[in-house]
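Trainee: 3D model of this:
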Amino acid sequence: MVVARSAIVSNLCLVVTAMCCLVGVAAAWSCVLDRGTTTIRESMLMLSMPSSLLPVWIAVVSSSTSAAVLLLGRVHLSPCVGGDVVLAVVFGVGVAIAPAAALLYLWMATPHHWQPIDVSGTATSIKKNTSRKSVALRFAANTRLQSVLRRRWKWRSSERTTMQSAWVVLLEYRCLWYPCLDASLLMCDAMLSIVGGLDSTDVHLCRGSTAAVVALLGMQAIVVVVSRPFTTLFSTVHAVSTLTCTCLSTFAQLLFLVLSSSTDGSSMWLLTASAACNLIVVGISALKMILDLFELVAAMGRRLQDSKNGRVHSTAHQLATVQESQNDVGFLEQLLVEPLTSTETLSAEELDDSVTHFEVIQSAFWDKAGNAKTSMSGDGLLLDYDDGARGHRKPAE
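Mentor: Coordinates of the predicted model:
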């Protein structure tokens, strides 16, 4: 029980520390980088708070739930019943249920003008100078990572409202009901894993709890395959792989519990298979963590570059710029996804705007017949454009 108390307190301290760090970064951003031109609240929106706190909070859901259930299940053995109940219910269950409650609120309160748009087939390519692209990047661009890492769904708003406070969730999910389901099932799995071991003499309780965990993991994997709630194919593959391997690992443990009555030790290979599945899950999660770290570093670099160059001067324009930069091209898309064979991907609207702008500039120097709008004077060449508006006169030689 000492371990359970330590887990609850440690998780609470981790969440509070992460929250304080984000608020501190927002304050520093407002006071130092933007020189007081934005408030702390606006800087917090720039950091996509409170959704940016969600990954840390989700990470402690499982251990907080397990510790709370263990304290409540063995509260009769506690020397301080009241303290353990308050610690388990308020801080253990409270910390564990907060992400699911927040995600449920986001799902239910999502404005109707927030819509996920399928952008997988709307890209058009134009030529671009790629002389600085390295050989490694050219090789990476020709791999399957193009289709795996590119965001196929992007959230758009038909009204001039910011989605920054929920942007971390919107970047990852196109179906907002799934993260709520995922957080809830994570709590259920942790709860069942502890309930099955509260009474070491009740084998049926242990087997039943383990079987329920296997069923929940299997159903969640099927839901992911059918609904594909993520914005990228990589996230879908990551979720299906981790859920499948975790389900197989738990199922191997269940088989070991069923076959453990034999004394010849022939079922020990099931524990080895379970451990191998767990190692696969660790490897896949580490890869996802590395990619997320690259995205974080790239996002911080874009913010610092924007602040350094002074391209953002107002809050509304600042939020729109950050939202568009995060929504369109990320670090991984630039590094591994964006085609590097002398092309750049633009949307149809961006391409139309570019062509229109080019035609306006071109019409200033060329007439409809394709002749240059020039006139000769005695002292040099004179450029005439825009209904008689004159350019600079070339000095006579």
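Trainee: ok, and H112, which helix or strand is that part of?
Mentor: H112 is part of no helix or strand when elements are defined by DSSP states H and E.
Trainee: Count the residues that sit near it.
Mentor: Neighbours of H112 under the rule other Cβ atoms under 10 Å: 7. For the C-beta atoms, the positions are set from N, CA and C on the backbone; glycine is no exception.
Trainee: Ramachandran coordinates for it?
Mentor: Note on H112: backbone dihedrals following degrees, to the nearest 10 are phi -70, psi -20.
Trainee: Mind pulling the model confidence for it?
Mentor: At H112, the pLDDT value in this model is 79.
Trainee: can you give me phi and psi for the closest residue to S249 other than its chain neighbours?
Mentor: Once flanking residues are discounted, S249 sits nearest to C277: 3.7 Å by Cβ to Cβ, 6 or more residues apart in numbering. In terms of degrees, to the nearest 10, the main-chain angles of C277 are phi -60, psi -40.
Trainee: measure C277 to V226 for me?
Mentor: According to Cβ to Cβ, to the nearest Å, C277 and V226 sit 23 Å apart.
Trainee: go on, D84?
Mentor: 42 Å.
Trainee: Which one of those two is surrounded by more residues?
Mentor: In terms of neighbours (other Cβ under 10 Å), D84 is the more surrounded of D84 and V226; the figures are 23 against 8.
Trainee: Correct me if wrong: the more buried one contacts G73.
Mentor: No: contact status for D84 versus G73: not in contact, 10.8 Å apart, counting by Cβ atoms under 8 Å.
Trainee: Which residue is the nearest non-sequential neighbour of C206?
Mentor: In space, C206 comes closest to G196 once its chain neighbours are excluded; the distance is 4.4 Å by Cβ to Cβ, 6+ apart.
Trainee: Now for the one you found: which residues touch it?
Mentor: Residues near G196 by Cβ atoms under 8 Å, 6 or more residues apart in numbering: L205, C206, R207, G208, S209, T210.
Trainee: out of the residues you listed, who's nearest L186?
Mentor: If you rank those by distance to L186 using Cβ to Cβ, S209 comes first, at 15.5 Å.
Trainee: isn't the closest one right up against D189?
Mentor: No: between S209 and D189 there is no contact under Cβ under 8 Å: 9.9 Å.
Trainee: Tell me where the stretch 151-300 of the chain has helices.
Mentor: Listed in chain order, the helices of the stretch 151-300 of the chain (DSSP state H, counting those that start in this stretch) span 167-172, 177-195, 203-227, 233-259, 268-309.
Trainee: Check which helices and strands the last one sits against.
Mentor: For helix 268-309, the contact count by 3 or more Cβ pairs under 8 Å, 6 or more residues apart in numbering; DSSP states H and E identifies helix 233-259, helix 315-328, helix 331-332 as packing neighbours.
Trainee: Chain neighbours aside, what residue packs nearest to T210?
Mentor: L254 (4.5 Å).
Trainee: Return the set of residues that bridge with S157.
Mentor: Bridge pairing for S157 (DSSP bridges) gives the partners W114.
Trainee: List the contacts of it.
Mentor: P111, H113, W114, Q115, M163.
Trainee: Restricted to buried residues, select those in ChimeraX.
Mentor: Buried members of the contacts of S157, defined by 16 or more other Cβ atoms under 10 Å, are picked up in ChimeraX with:
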select :114,163
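Trainee: And the strands in the stretch 51-200 of the chain, which stretches?
Mentor: If DSSP state E, counting those that start in this stretch is used as the criterion, the strands of the stretch 51-200 of the chain fall at 114-118, 123-127, 153-157.
Trainee: Where among those is average confidence lowest?
Mentor: Taking the mean pLDDT of those, strand 123-127 comes last: a mean of 42.
Trainee: How is the protein partitioned into domains?
Mentor: For the chain, the structural domains run 2-111+161-328, 353-390, going by automatic domain parsing.
Trainee: By mean pLDDT, show me the worst of those domains.
Mentor: Among those, domain 353-390 carries the lowest mean pLDDT (a mean of 52).
Trainee: Quickly note the distance from V223 to I40.
Mentor: 39 Å.
Trainee: and the two? which has more neighbours close in?
Mentor: V223 (18 against 14).
Trainee: correct me, but the more buried one touches L181?
Mentor: Yes: counting by Cβ under 8 Å, V223 touches L181, with 7.4 Å between them.
Trainee: filter the contacts of G196 to the buried ones?
Mentor: For those, a burial check counting by 16+ other Cβ under 10 Å picks out C206, S209, T210.
Trainee: and of the residues you listed, the nearest to A88?
Mentor: Among the buried ones among the contacts of G196, and counting by Cβ to Cβ, the member closest to A88 is S209, at 19.1 Å.
Trainee: residue contacts, the closest one?
Mentor: Going by Cβ under 8 Å, 6+ apart, S209 touches L192, S193, V195, G196.
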